[in-house]
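Trainee: got a predicted structure plus its sequence, pasted below:
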Amino acid sequence: MEIKCRYKYIDRITVRYILVTVLVAALLSGCGGIGFLQKVDANEAENAVLTESAADSYVSFPKLTEENSDIFGWIYVPGTGIDYPVLQNSDGDDSFYKTHNALKGEDPAGAIYIEAANRKDMCDFNEVLHGKTLSDGTMFSDLNQFLDRTFFEDHQYIYIYTEDTVLVYVVMAAFQRRNTRLIEEYDFSYASGCREFIDEIYSGRSMGKNIRQGWEEGLEPENFIITLSTIDEVGTGKQTVVIGCLAADMNGTVDRVVDYSDPE
């Protein structure tokens, strides 16, 4: 059985609040196009990968894709240093951006990327973004701060910008887990695989897992989530994940079919 669905709004006070916040921010910014993300002329900036910032409402996708066509989005997490382009290797090499930066230059810091199994239109049930934890605090190092309850409570949103839309996610969970590839461990193409990961999110809450108040239940395979993942390679060796649920899609581009059939 397959169900066609637009992304499912979660009826919570936090979601209603974020929808209002996003709309107000869009109006106050005076920016057109895809909301409060400003699309500037490609000739106004050089080396956009290194100079642009969503925090400054300045991201030029024509310039970004000119520098590297693997760039399809931008992630911004307010209150952290996470403000980077998001890439997917066009050759299907999921290890490439572990050792190369957003300009495709060799760089041990790597870049922020999704695997080939995820869709660039952000329409999968779980879009998994990878980035490294580094000694200088860059890339996805700040994800580890979400393990602190106070920091977690004070930082609620993840913004993903694409050329077509702005997506806003409410940060609803953060925890450490065993170091496995989520895309390989769970078959997110079926509702059953989505449900298995939802069960992992909600299980073991006494083990230092942060779940936002009001979000202790309710996720369904019809929802759209994003998982930001980083590995503490020099410390615990565990995977830190910060999970957000889609709360706002500015241009209404997110959609998919949910397959409730038996994967067997």
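Mentor: Arrived safely, thanks for sending. Residues are numbered from 1 along each chain as shown.

Trainee: and Leu246, what element?
Mentor: According to DSSP states H and E, Leu246 maps onto strand 239-249.

Trainee: could you pull up the mean pLDDT of the helix or strand that that strand is followed by?
Mentor: Using DSSP H and E, the helix or strand that follows strand 239-249 in sequence is strand 255-259. The pLDDT scores in strand 255-259 average 90.

Trainee: kindly export stretch 120-127 (C-alpha atoms) in CSV.
Mentor: Provided in CSV are the C-alpha atoms of stretch 120-127 (Å, rounded to 0.1, in the frame of the first residue of the first chain):
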residue,chain,number,x,y,z
LYS,A,120,18.8,16.4,-3.2
ASP,A,121,15.3,17.7,-3.2
MET,A,122,15.1,16.8,0.6
CYS,A,123,12.0,14.7,0.0
ASP,A,124,13.2,11.5,1.7
PHE,A,125,11.9,10.5,5.1
ASN,A,126,15.3,10.9,6.6
GLU,A,127,17.9,13.2,5.0
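
Trainee: 573 is where my numbering starts, stick with that
Mentor: Right, with 573 as the first residue, what we last looked at is stretch 692-699.

Trainee: any idea how far it is from the chain center?
Mentor: 9 Å (C-alpha atoms, centre = their mean, to the nearest Å).

Trainee: give the buried residues for it.
Mentor: Buried residues in stretch 692-699, defined by neighbour count with 16 or more other C-beta atoms under 10 Å: 692-694, 696-699. Bear in mind the C-beta positions are built from the backbone N, C-alpha and C, glycine included.

Trainee: those residues in strands, which ones?
Mentor: Judged by DSSP state E, strands contain the following of the buried residues of stretch 692-699: 698-699.

Trainee: related to what we said a few turns ago, orientation of the strand holding Leu818 relative to strand 827-831 in degrees?
Mentor: Between the axes of strand 811-821 and strand 827-831, defined by axes from the mean of the first three to the mean of the last three C-alpha atoms, to 10 degrees, the angle is 120 degrees.

Trainee: I'd like to know which elements strand 811-821 is packed against.
Mentor: Secondary-structure packing of strand 811-821 (3 or more C-beta pairs under 8 Å, 6 or more residues apart in numbering; DSSP states H and E): helix 585-601, strand 729-734, strand 738-749, strand 797-803.

Trainee: for the record, mean pLDDT for the longest one?
Mentor: Taken as a whole, helix 585-601 carries a mean pLDDT of 47.
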